[in-house]
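S.K.: A predicted structure for the sequence below; I have some questions about it.
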Amino acid sequence: MLSWATGTRRSSAILALLALLALLPSSWSQQLRRGKLLRRELAGETYYLYVPTKFSPGGQVLIVVHGASRTAEDYARAWLEIVEREKLVLVAPVFGQRTFPDYQQLNFAGTRADLYLHAILDEVAQLTSAQVKRFYLYGFSGGGQFSHRYALVHPARLLRVVVGAPGWWSLPDATLDYPLGIKKSPLVPSEVEFRVDELLRVPLAVVIGEYDTARGQSLRQELTIDRLQGRNRIERGQRWFAAMRAVAEEKKIPYRFELYLVPAAGHSGGDPAIIARAAQFLFPGSSAEQKK
């Protein structure tokens, strides 16, 4: 299996795959079945792909990232009506437990989840002629962990991002080792940089259900996290939001982040109210919004 981690052999594997993708004919975009959710494989891993019926070459992509249950297909299906309306290609990677045990933290110790997503996007560009240099990103729960950490490392790749109810966060604190903060611990590859200032210029929304306060098994429960971030997903989201605002104010960067507590919603990435709120932020100029 190819590995997208650090090291000479692994870097060579990345370059070999990208070179192969560059040779794929762009005519493949005409062979994909539109309007149907497709299950695809790349280097032994899986992702879901949906091309809307009226998609045009050069159109944009929405990435949807699953939680710890890894139900990527369910996450993808919850967005199909929206991406069909917005004429966006949808990509939902499956970060399998065996290859990506810590995808929420970008899996730096093994096969890097962020670089594997880039490999998927390169293939999607060849298959669909979509524009993948910058894209929309939505992640919920474990996917929310992935999305905000991905955004800290790769802010230039993002058009807009929604971080949905992660169990815990990487605070913009250079005195705390990653993943609790952004200090470069031995876990972090030497080439990785945490780009807080650049991320602050990306439109980002934190979206959490107003009833998402349970301290269940899916919530990381450690004294240090409780002390620094709070005891539930709402408190932790609010503290990260405030910490990022403090950095923005210190550096005189206009603050573009939003925080939404969704009425009557709990902890479900497929909740229609959660998805509607996320879509309203991601696509503020959509036809659906203009009709309201």
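M.R.: That came in fine, so what should we check first?

S.K.: all contacts plus neighbour counts: C-alpha atoms, from now on.
M.R.: Will do.

S.K.: Phi first, then psi, for E235.
M.R.: phi -60, psi -40 (degrees, to the nearest 10).

S.K.: For the stretch 1-150 of the chain, which segments count as helices?
M.R.: Taking DSSP state H, counting those that start in this stretch as the test, the helices found in the stretch 1-150 of the chain are 8-22, 72-78, 80-86, 113-128, 142-153.

S.K.: what about stretch 150-169, how long is it end to end?
M.R.: Across stretch 150-169, the terminal residues are separated by 12 Å (C-alpha to C-alpha, to the nearest Å).

S.K.: Hmm, I typed the wrong one, I wanted stretch 211-220.
M.R.: End-to-end distance for stretch 211-220: 17 Å, by C-alpha to C-alpha.

S.K.: Contacts made by it with the rest, please.
M.R.: Residues outside stretch 211-220 that contact it (C-alpha atoms under 8 Å, 6 or more residues apart in numbering): 167-168, 221, 231-234, 263-267.

S.K.: coming back round to it: could you say which of the helices of the stretch 1-150 of the chain is packed most deeply?
M.R.: Among the helices of the stretch 1-150 of the chain, helix 142-153 has the highest mean neighbour count (mean count of other C-alpha atoms under 10 Å), at a mean of 25.

S.K.: Heading C-terminal from that helix, find the next helix or strand.
M.R.: Note on helix 142-153: by DSSP states H and E, the next helix or strand toward the C-terminus is strand 158-164.

S.K.: what helices or strands is that next one leaning on?
M.R.: strand 135-140, helix 142-153, strand 204-209, helix 272-282 (3 or more C-alpha pairs under 8 Å, 6 or more residues apart in numbering; DSSP states H and E).

S.K.: what's the closest of those to P101?
M.R.: helix 142-153 (11.3 Å; C-alpha to C-alpha).

S.K.: So which elements touch that closest one?
M.R.: strand 61-65, strand 135-140, strand 158-164, helix 196-199.

S.K.: Now tabulate these in JSON lines and tack on mean neighbour count, distance to Y50 and mean pLDDT.
M.R.: Shown next, in JSON lines, are the helices and strands packed on helix 142-153 (neighbours: other C-alpha atoms under 10 Å; distance: least, C-alpha to C-alpha, whole Å; pLDDT from 0 to 100):
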{"stretch": "strand 61-65", "mean neighbour count": "25", "distance to Y50": "10", "mean pLDDT": "98"}
{"stretch": "strand 135-140", "mean neighbour count": "25", "distance to Y50": "15", "mean pLDDT": "98"}
{"stretch": "strand 158-164", "mean neighbour count": "24", "distance to Y50": "19", "mean pLDDT": "98"}
{"stretch": "helix 196-199", "mean neighbour count": "18", "distance to Y50": "28", "mean pLDDT": "98"}
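
S.K.: As TSV, those with distance to A214 would be great.
M.R.: As requested, the helices and strands packed on helix 142-153 are exported to TSV (distance: least, C-alpha to C-alpha, whole Å):
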stretch	distance to A214
strand 61-65	22
strand 135-140	16
strand 158-164	15
helix 196-199	29
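
S.K.: gap between the closest residue to P57 other than its chain neighbours and L42?
M.R.: Nearest residue to P57 in three dimensions, chain neighbours excluded: S129, at 5.0 Å (C-alpha to C-alpha, 6 or more residues apart in numbering). Applying C-alpha to C-alpha, the value for S129 to L42 is 18 Å.
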